[in-house]
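S.K.: need a structure here:
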Amino acid sequence: MWDAIDSLGFMPRRKPKAQEDGLVAYEVRQLVVGSHLILFTIDDERRKVWIVGLRHGRRLPRPHELPDDPASPEGGTGEK
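M.R.: Numbers count the residues shown, from 1 in each chain. Below you'll find the predicted structure:
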C-alpha cells in the first residue's frame, strides 16, 4: 500500500475521480489497491497530495467522513 501511495508523487491526475468527488468542496480522486480505495486530493499550490480517506471498494461512499480541509492538521470530520 505504501508503494502505491508513493506512486502518487508522479502524475497523480492519472487516477480517476472518486464517487465522493463533488460531495465535498475539493476534488477527490481514488487509487485502487487490492480491494481498497485510497482517496486523495491534489494541492497544486503546495505541490502535495493529501490522503483524505481509505475504504473497502464495496463500501458505499461516506463523504461526511472526509475532512473539511485536507491540508489542516486537524482535518475536520466533515460533520457540522
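S.K.: could you use CA atoms for every contact and neighbour count after this?
M.R.: Noted.
S.K.: can you give me the strands in the protein?
M.R.: Per DSSP state E, the chain carries strands over the ranges 29-33, 36-43, 48-56.
S.K.: want to throw those into TSV with mean pLDDT and distance to residue 2?
M.R.: Output for the strands of the chain, formatted as TSV (pLDDT from 0 to 100; distance: least, Cα to Cα, whole Å):
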stretch	mean pLDDT	distance to residue 2
strand 29-33	96	10
strand 36-43	95	11
strand 48-56	93	12
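S.K.: let's have those in a markdown table, adding mean neighbour count.
M.R.: Converted to a markdown table, those look like this (neighbours: other Cα atoms under 10 Å):
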| stretch | mean neighbour count |
| --- | --- |
| strand 29-33 | 20 |
| strand 36-43 | 20 |
| strand 48-56 | 16 |
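S.K.: may I see the ones you listed organised as TSV, with distance to residue 11 added?
M.R.: Below are these laid out as TSV (distance: least, Cα to Cα, whole Å):
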stretch	distance to residue 11
strand 29-33	12
strand 36-43	10
strand 48-56	10
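S.K.: mind checking which of these is nearest residue 21?
M.R.: Among the strands of the chain, the nearest to residue 21 by Cα to Cα is strand 29-33 (7.0 Å).
S.K.: chain center to the closest one, what's the gap?
M.R.: Strand 29-33 sits 8 Å away from the centroid of its parent chain (Cα atoms, centre = their mean, to the nearest Å).
S.K.: ok, stretch 51-66 next?
M.R.: Relative to where its chain is centred, stretch 51-66 has its mean C-alpha point 8 Å off (Cα atoms, centre = their mean).
S.K.: distance check, residue 29 against residue 61.
M.R.: For residue 29, the distance to residue 61 equals 12 Å [Cα to Cα, to the nearest Å].
S.K.: brilliant, that's me finished.
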